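# give me a 3D structure for the following:
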Amino acid sequence: MNKTVVIIPTYNEAHNIGRLIDILLSLEIGVDVLIVDDGSPDGTANQVKKKMEQHEERIHLLERSGKLGLGTAYVAGFKYALERDYIYICEMDADFSHNPEDIPRLIETVKSGEADIAVGSRYSNGISIVNWPLSRLILSYGANLYARFITGLPIKDTTAGFKCIHRNVIDTIDLDKISSNGYAFQIEIHFRAWKAGFDLKEVSIIFKEREEGVSKMSRSIVREAVWKVWSLKFRSLVGSL
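Below is the predicted model of the structure:
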């Protein structure tokens, strides 16, 4: 078994997941893949199972009964990874907005001891985003400025969902206390890790708009992120994080 696992939450990603798995398994660094599928009606899980027939030891699948949210999907994936003694635990999207070829750089940053969390950042070297409409870019950039201002996080891309985390971080965080989803989940992971004394380092990436399917962005995700940063800040101040 490899020491690294890449966790990929999915919902209706049948057109992407097979190709993404192939690329990840071909990386020289050697990674396993864990798909957490929320009952995709398009047959995403079936596509994963076909790949598992060829690479049973390197591909894992958690099937959930419905669309339960990004945060709970990652928490389930983290617990699965800890139970199986993975050391380097990565997050990424299934839609090719994150380039799988960047995974080795994220892993090496953590493996070398430079950081406990390597964050694939869209904003650490200017703005590295392709094919987003201006309104979406303004929303994302503004949300990150807002989150940094309230929380004090020492990274520019607080909402990044592309990262490598050392298992020590996840071992330290009480996963059962995490209640957020969407962008708020990523902010919460970064904030809890930082407050626990772990080092975060941004690794510049180029982020592309998804190639297939539709965005999972919604107003409720934005609203949750707006209020969550205040909750995290307040709870850290009173010692109840």
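
# could you use CA atoms for every contact and neighbour count after this?
Will do.

# quick one: low-confidence residue ranges for this protein.
1, 210-222, 225 (pLDDT under 70).

# A strand includes His60, no?
Yes. According to DSSP: H, G, I helix; E, B strand; the rest coil, His60 belongs to a strand.

# quick one: it and Met52 touch, right?
Yes. Counting by C-alpha atoms under 8 Å, His60 touches Met52, with 7.4 Å between them.

# these two: which has the busier surroundings?
More neighbours surround His60 than the other of His60 and Met52, with 20 against 16 (other C-alpha atoms under 10 Å).

# how about the more buried one, nearest residue that isn't a chain neighbour?
When the adjacent residues along the chain are set aside, His60 lies closest to Leu34, with 4.6 Å between them (C-alpha to C-alpha, 6 or more residues apart in numbering).

# secondary structure element for the one you found?
Applying DSSP states H and E as the criterion places Leu34 in strand 32-37.

# so which other helices or strands are in contact with that strand?
Applying 3 or more C-alpha pairs under 8 Å, 6 or more residues apart in numbering; DSSP states H and E, we find strand 32-37 packed against strand 4-10, helix 14-26, helix 44-54, strand 59-63, helix 70-83.

# kindly recompute the last result at 10 Å.
The contact analysis (3 or more C-alpha pairs under 10 Å, 6 or more residues apart in numbering; DSSP states H and E) places strand 32-37 against strand 4-10, helix 14-26, helix 44-54, strand 59-63, helix 70-83, strand 88-91.

# relative to Ala143, which of these is closest?
helix 70-83 (18.2 Å; C-alpha to C-alpha).

# the closest one versus strand 32-37: what angle between them?
On the basis of axes from the mean of the first three to the mean of the last three C-alpha atoms, to 10 degrees, helix 70-83 is oriented at 140 degrees to strand 32-37.

# which helix or strand contains Glu202?
Going by DSSP H and E, Glu202 is part of strand 200-204.

# and that strand, which strands flank it?
With DSSP bridges as the test, strand 200-204 is paired with strand 117-121 (parallel).

# which helices and strands does the following helix or strand past the partner strand pack with?
Counting by DSSP H and E, the next helix or strand C-terminal to strand 117-121 is strand 129-130. In terms of contacts (3+ C-alpha pairs under 10 Å, 6+ apart), strand 129-130 is packed against strand 207-208.

# name the helices or strands packed onto the strand it packs on?
Counting contacts by 3+ C-alpha pairs under 10 Å, 6+ apart, strand 207-208 is packed against strand 129-130.

# and for the helix or strand following the strand it packs on, what's in contact with it?
With elements assigned by DSSP H and E, the helix or strand that comes after strand 129-130 is helix 134-151. The contact list for helix 134-151 (C-alpha atoms under 10 Å, 6 or more residues apart in numbering) reads 122-123, 127, 129-132, 152-160, 183-184, 187-188, 191, 222, 225-234, 236.

# okay, and which of these map to helices?
Per DSSP state H, helices hold the following members of those: 183-184, 187-188, 191, 222, 225-234, 236.
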